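[1] would you be able to build a 3D model of this:
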Amino acid sequence: MNHSIYSADRTTHLKIVVMALVAGIMVMGFGISVRTFSDDGSTQTARVIKAGKPVAITSSDTSMVR
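    Numbers count the residues shown, from 1 in each chain. Next up, the predicted model:
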């Protein structure tokens, strides 16, 4: 029985690596199975906003003359 990863033998390291791979595959499989593939028109479309005329904004009500 090895209580330290540094003093563990080769089979213990192999067991740890195999368990980590199995756990990773299970998490990935769960994530793929939970993913929804509904095609209800919720796709996003790009919207283009064009700039208009330049506007000067002031804090007073007087008109600005240039």
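
[2] three-state assignment of the residue nearest to the spatial centre of the chain?
    With distances taken as Cα atoms, centre = their mean, residue 31 lies nearest the centre of the chain, 13.0 Å away. Following DSSP: H, G, I helix; E, B strand; the rest coil, we place residue 31 in the helix state.

[3] just the pLDDT for it.
    pLDDT recorded at residue 31 is 89.

[4] could you do residue 15 as well?
    Listed pLDDT for residue 15 reads 92.

[5] please name the residues that touch residue 34.
    For residue 34, the contact set (Cβ atoms under 8 Å, 6 or more residues apart in numbering) is empty. All C-beta spots, glycine's among them, are computed from the backbone N, C-alpha and C.

[6] could you measure from it over to residue 23?
    Note on residue 34: its distance to residue 23, by Cβ to Cβ, to the nearest Å, is 17 Å.

[7] in what helix or strand does residue 26 lie?
    Residue 26 is part of helix 10-34 when elements are defined by DSSP states H and E.

[8] in that helix, what counts as buried?
    Buried residues in helix 10-34, counting neighbours by 16 or more other Cβ atoms under 10 Å, are absent.

[9] from here on, call the first residue 132.
    Renumbered: residue one is now 132, and that last one reads helix 141-165.

[10] off-centre distance for that helix?
    21 Å (Cα atoms, centre = their mean, to the nearest Å).

[11] stretch 180-191 now?
    Distance of stretch 180-191 from its chain centroid, counting by Cα atoms, centre = their mean, is 36 Å.

[12] where in the chain is pLDDT low?
    132-133, 167-175, 189, 191-197 (pLDDT under 70).

[13] what residues are up against the residue nearest to the centre of the chain?
    So residue 162 contacts nothing (Cβ under 8 Å, 6+ apart).

[14] now residue 165: how far from residue 155?
    Taking Cβ to Cβ, one finds residue 165 at 16 Å from residue 155.

[15] for residue 136, phi and psi?
    According to degrees, to the nearest 10, the main-chain angles of residue 136 amount to phi -70, psi -20.

[16] residue contacts, it?
    For residue 136, the residues meeting the contact criterion (Cβ under 8 Å, 6+ apart) are 144, 147.
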